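Novice: Provided below are the primary sequence and the corresponding predicted coordinates.
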Amino acid sequence: MSTYGVVCEDGSWIATKYNVTHYFHTASEMVSIPAETINGKKSKIWRAGCDLD
């Protein structure tokens, strides 16, 4: 899990490394955030799953 920066902190899974650019939509545009600009920041993982078709 350390390759992806996933750690357990205070009973929650937290991501601290981001391997791809993230995209999200605002009311007027699509915004991209390069992974290297957010590495080290903490994001709580609310739900995780695996699809093994």
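Specialist: That came through, no problem. Please read these numbers as outputs of a predicted model, since none were measured by experiment.

Novice: who touches the one helix or strand in the chain whose mean pLDDT sits lowest?
Specialist: Least confident helix or strand, the chain: strand 22-25 with a mean of 76, by mean pLDDT, DSSP states H and E. With contact meaning CB atoms under 8 Å, 6 or more residues apart in numbering, strand 22-25 is reached by 30-33, 35, 38. C-beta coordinates here come from the backbone N, C-alpha and C atoms, glycine included.

Novice: same thing but 10 Å
Specialist: For strand 22-25, contacts defined as CB atoms under 10 Å, 6 or more residues apart in numbering pick out 30-35, 37-38, 43.

Novice: contacts only, for residue 42.
Specialist: 5, 7, 9, 12, 14-16.

Novice: spatially, which two of the residues you listed are the most separated?
Specialist: 5 and 12 (14.1 Å; CB to CB).

Novice: quick check: which ranges of the chain have low pLDDT?
Specialist: Within the chain, the segments meeting pLDDT under 70 span 1-3, 53.

Novice: tell me where it has strands.
Specialist: In the chain, the strands defined using DSSP state E lie at 6-9, 12-15, 22-25, 30-33, 43-44.

Novice: which of these sits closest to residue 52?
Specialist: Comparing the strands of the chain against residue 52 with CB to CB, the closest turns out to be strand 6-9 (18.9 Å).

Novice: please name every helix or strand in contact with that closest one.
Specialist: Applying 3 or more CB pairs under 10 Å, 6 or more residues apart in numbering; DSSP states H and E, we find strand 6-9 packed against strand 12-15.

Novice: strand partners (parallel or antiparallel) of the strand it packs on?
Specialist: Strand 12-15 has the following strand partners under DSSP bridges: strand 6-9 (antiparallel), strand 43-44 (antiparallel).
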